[in-house]
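[1] no sequence on this one, just coordinates:
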C-alpha cells in the first residue's frame, strides 16, 4: 500500500487548501481512512476520518471548516480546508486501514505528509 499526499502549502488566515491522498495497492474495504496532523512539539491528532459506510468524524477544532471526501474509483482521499487559521499549521498525514477511526495507532498505512502553514 502506498499513500501519497499533495496539496499542502502556505496561505494566509481565512484562506483555503485542498489536500489529496492518492492510494495504490489499497484493498481495505472495511476500515477507516483519515487525515491526521502534527505540529512541532505537539502530539499527533486526528483531523477527519471516513469509515467504510461513508460516515465521517471530525475533530471539534475543524468542524464546519474542513470536509473529508473520497473518490472511490480512483482511491483518492481529499481534505477540503476552509477558513484556515494559524493553529491549523502542521504536517498533515493521510492514513488508511484504521480500525478505530480517530485513533491513529490503529492505522496500518501512512503517507509521507504534506506541510500546511497558515500565517496571520
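    Nice, I can see it. This structure is a prediction, so every number in the text was calculated from the model and none was measured.

[2] Please report how far the residue nearest the centre of the chain lies from residue 82.
    In the chain, the residue lying closest to the centroid (CA atoms, centre = their mean) is residue 35, at 2.0 Å. Look at residue 35 and residue 82: by CB to CB, to the nearest Å, they are 14 Å apart. C-betas here are computed from N, CA, C, even on glycine.

[3] ok, now residue 3?
    Remark: distance between residue 3 and residue 82 (CB to CB) = 23 Å.

[4] higher neighbour count, those two?
    Neighbour count, other CB atoms under 10 Å: between residue 3 and residue 82, residue 3 has more, with 22 against 14.

[5] dump the residue contacts of residue 84.
    11, 13-17, 65, 116, 118 (CB atoms under 8 Å, 6 or more residues apart in numbering).

[6] Need the per-residue pLDDT for the residue nearest to the centre of the chain.
    On pLDDT, residue 35 comes in at 97.

[7] Just list what the strand or helix carrying it packs against, helices and strands only.
    Per DSSP states H and E: residue 35 is located in strand 32-38. Contacts defined by 3 or more CB pairs under 8 Å, 6 or more residues apart in numbering; DSSP states H and E place strand 32-38 against strand 17-24, strand 45-50, strand 66-71, strand 76-81, strand 90-98.
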